[in-house]
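Colleague: Give the three-dimensional model of this entry:
(one chain, ligands or ions: 1)
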Amino acid sequence: MRIEWSHIKKVYRTEDDKKWSSRLIFPRETRTGLLDFSASTKRGITVVLGPKGSGKSTLLKVTATISVPNDGRVTYTMDNKKVWVWSRNRAEMSGTSGLEGLKNRIGYVPQRKRLEEDISVEEAMVYLAQNRRVPQPKRRAAELMARWGLAGYRKHELSQLPKSALSRYWLAQSLLTDPDIWLLDEPAEGLDELGWELLCQELLHHPSHRLTLIATNDLELAECADHLMLMEGGSCRRLGARHLLTASVPDGSVASWYRTMQTFSGLHSRIK
Ligand SMILES: Nc1ncnc2c1ncn2[C@@H]1O[C@H](COP(=O)(O)OP(=O)(O)OP(=O)(O)O)[C@@H](O)[C@H]1O
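Modeller: The predicted model follows:
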């Protein structure tokens, strides 16, 4: 399992800019999500670090095929040698149709976890399992609800779930297909102690077929990394095996390595 990002560009227009540009008064302004982002990663856990606004969430959304890049392509090479490509061309030709085989192999947890849906946890889990063509959907949904401490909430509407249960719901639904690609955007946000324990267990027993990307500012969570990716200004500044990168700091921790990289970055921009 391998993902390669080639020269990905993703820009956003802000709401105000949309309004003004439609009246042709001001030139259109954009915000950069990703800028010539090129990198590749393989099986195991890759933790994506970077300052606020560096493009971590954008990278996960594009990789999850939820967001269409303006330029560049994402190539997914599965263990059975099947290759999928996600790009603007691909999206314009046929949207995500024909990509169901890939989408069903991806589990995604977004940063913004609030849900307005008035269906119950159980209904949502079974619906998603059926939609993703999971064999024995009811059984799989029940298994994941039990595993993520949601059995007591199964009749609760999603919009009424307490924050901690909602964060666990997102994690549970993302694992319905036993995905090859697990994309977690700030997964620890909102988790209670039970949720944190369960997440750590899941990461500790990480299946060998899976490629996991975790975008986070939580440096305790980042210690689970096999690989580290550091983002800055929408680009990949560093990527490598965690043990090699953290060998340069005395205590070998991800937190110290990240602080060192930030200090270096600060110095570098002052020198410039
Ligand atoms: N929907 C959007 N509309 C306009 N600009 C956006 C949108 N989403 C992201 N951006 C902008 O794109 C840039 C990258 O944002 P992104 O959320 O990917 O960064 P991040 O590293 O995940 O940040 P954080 O750590 O705060 O979550 C930022 O400048 C952000 O303001």
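Colleague: quick one, helices of this protein?
Modeller: Ranges of helices within the chain are 15-22, 56-63, 88-94, 100-103, 121-131, 137-147, 163-174, 193-204, 242-245, 254-271, based on DSSP state H.
Colleague: And those: which comes nearest Arg154?
Modeller: With CB to CB as the measure, helix 121-131 is the member of the helices of the chain nearest Arg154 (4.1 Å). Every C-beta, even on glycine, is put in place using the N, C-alpha and C of the backbone.
Colleague: out of the helices of the chain, which comes closest to the ligand?
Modeller: Nearest to the ligand, of all the helices of the chain, is helix 56-63, at 3.3 Å by CB to the nearest ligand atom.
Colleague: Please save the CA atoms from stretch 237-247 in PDB.
Modeller: Presented in PDB, the C-alpha positions along stretch 237-247 are these (Å, rounded to 0.1, in the frame of the first residue of the first chain):
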ATOM      1  CA  ARG A 237       9.100  20.300   4.400                       C
ATOM      2  CA  ARG A 238      10.300  17.000   6.000                       C
ATOM      3  CA  LEU A 239       9.300  13.400   5.600                       C
ATOM      4  CA  GLY A 240      11.000  10.300   6.900                       C
ATOM      5  CA  ALA A 241      11.100   7.400   9.300                       C
ATOM      6  CA  ARG A 242      10.400   8.600  12.800                       C
ATOM      7  CA  HIS A 243      13.400   6.800  14.300                       C
ATOM      8  CA  LEU A 244      15.800   8.500  11.900                       C
ATOM      9  CA  LEU A 245      14.300  12.000  12.300                       C
ATOM     10  CA  THR A 246      14.100  11.900  16.000                       C
ATOM     11  CA  ALA A 247      17.600  10.500  16.400                       C
END
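Colleague: That stretch: which residues count as buried?
Modeller: Using 16 or more other CB atoms under 10 Å as the test for burial, stretch 237-247 gives 239, 242, 245-246.
Colleague: Need the residue closest to the centroid of the protein.
Modeller: By CA atoms, centre = their mean, the mean C-alpha position of the chain lies nearest to Leu183, the distance being 3.3 Å.
Colleague: Would you agree that one is in contact with Thr63?
Modeller: Yes. Between Leu183 and Thr63 there is a contact at 5.9 Å, judged by CB atoms under 8 Å.
Colleague: Need the residues touching each of these two.
Modeller: Residues within reach of Leu183 and of Thr63 at once, by CB atoms under 8 Å, 6 or more residues apart in numbering, are 106, 213.
Colleague: pLDDT at Lys10, what is it?
Modeller: You'll see Lys10 listed with a pLDDT of 97.
Colleague: now Gly95
Modeller: 77.
Colleague: and what of Ala225?
Modeller: Ala225 is given a pLDDT of 98.
Colleague: for it, what are its contacts?
Modeller: With CB under 8 Å, 6+ apart, Ala225 has these contacts: 45-47, 214, 242, 254.
Colleague: Got phi/psi on it?
Modeller: With angles defined as degrees, to the nearest 10, Ala225 sits at phi -70, psi 140.
Colleague: ok, it to Thr41 distance?
Modeller: Applying CB to CB, to the nearest Å, the value for Ala225 to Thr41 is 11 Å.
Colleague: So which residues on the stretch 1-150 of the chain come close to the ligand?
Modeller: Applying CB under 6 Å from any ligand atom, we find that the stretch 1-150 of the chain lies next to the ligand at 12, 14, 31, 33, 50, 52-58, 111.
Colleague: okay if I get the residues you listed as a markdown table plus neighbour count and distance to Thr260?
Modeller: Below are these laid out as a markdown table (neighbours: other CB atoms under 10 Å; distance: CB to CB, whole Å):
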| residue | neighbour count | distance to Thr260 |
| --- | --- | --- |
| Tyr12 | 14 | 31 |
| Thr14 | 12 | 34 |
| Arg31 | 13 | 28 |
| Gly33 | 24 | 26 |
| Gly50 | 25 | 14 |
| Lys52 | 6 | 19 |
| Gly53 | 14 | 21 |
| Ser54 | 22 | 17 |
| Gly55 | 25 | 21 |
| Lys56 | 26 | 19 |
| Ser57 | 18 | 24 |
| Thr58 | 24 | 25 |
| Gln111 | 15 | 26 |
